[in-house]
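Novice: Model the following, please.
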Amino acid sequence: MSILTEAAAPQRLSYLTVVRASAAYDLVVTAGFATPWTFALVHAGLNALSGALGLDAFPGLDPMQILYANLMGSVVVVWSLLRLARPQRLHGLLDAAARVLFSLWMAYALASGGPDLLWPFLIVEVSWGAIQLAPWLSARSRPRA
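Specialist: Numbers count the residues shown, from 1 in each chain. Prediction:
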């Protein structure tokens, strides 16, 4: 039986609250990435925070970096709005999968010399992923009636 079946889905309404909460977090954190103008402000703010914490400065912006940040920001904003407006258990599972991927790429960036300011974001991504994935794994391991 597939993990995507209703029998394996988390059954509690509180799971949808988690799906919405993770969507709200994503919306707040990534909305600034959605346009070139807001991304420039976010970049400057993160760079200033990094400097205030005694960490390395962020690299300068170039057009391709801005494009990729805007694409990511736009997709995550739309994905967040969907999960806020119409949360579903499957959305939580798919979001957990996306967070696993985001976490892998953040870890890769950190291992490749990326800014240490990524650590808190990596911890949050792993946490949201685990919170949303755990009920699925638990439901899957329970004996079926």
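Novice: Would you map the helices across the chain?
Specialist: Counting by DSSP state H, the chain has these helices, from start to end: 13-30, 36-52, 63-85, 89-111, 118-141.
Novice: any chance of those in CSV, plus mean pLDDT and mean neighbour count?
Specialist: Placement of C-beta: from N, CA and C, glycine included. Compiled in CSV, those are given as follows (pLDDT from 0 to 100; neighbours: other C-beta atoms under 10 Å):
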stretch, mean pLDDT, mean neighbour count
helix 13-30, 94, 17
helix 36-52, 96, 14
helix 63-85, 97, 15
helix 89-111, 96, 17
helix 118-141, 90, 16
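Novice: Tell me how far the closest residue to Leu82 other than its chain neighbours lies from Ser80.
Specialist: Nearest non-adjacent residue to Leu82, counting by C-beta to C-beta, 6 or more residues apart in numbering: His91, 7.1 Å away. Distance from His91 to Ser80, counting by C-beta to C-beta, to the nearest Å: 10 Å.
Novice: Next: Leu93.
Specialist: 16 Å.
Novice: Show the contacting residues for the residue found closest to Phe33 once you drop the neighbours it is linked to in the chain.
Specialist: Distances taken as C-beta to C-beta, 6+ apart put Gly73 closest to Phe33, at 2.8 Å, once the chain neighbours are dropped. Residues near Gly73 by C-beta atoms under 8 Å, 6 or more residues apart in numbering: Thr30, Ala31, Gly32, Phe33, Ala34, Thr35, Phe39.
Novice: what's around the fourth one, how many residues?
Specialist: Yep, that's Phe33 we're talking about. Neighbour count for Phe33, taken as other C-beta atoms under 10 Å: 22.
Novice: Just list the residues touching it, thanks.
Specialist: Residues near Phe33 by C-beta under 8 Å, 6+ apart: Phe39, Val42, Ala69, Asn70, Met72, Gly73, Val76.
Novice: and if you look at the third one?
Specialist: Applying C-beta under 8 Å, 6+ apart, we find Gly32 in contact with Thr38, Phe39, Leu41, Val42, Gly73.
Novice: returning to what we had before: in a markdown table: the contacts of Gly73, plus distance to Ala139.
Specialist: Listed next are the contacts of Gly73 as a markdown table, based on distance: C-beta to C-beta, whole Å:
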| residue | distance to Ala139 |
| --- | --- |
| Thr30 | 29 |
| Ala31 | 32 |
| Gly32 | 36 |
| Phe33 | 33 |
| Ala34 | 34 |
| Thr35 | 39 |
| Phe39 | 39 |
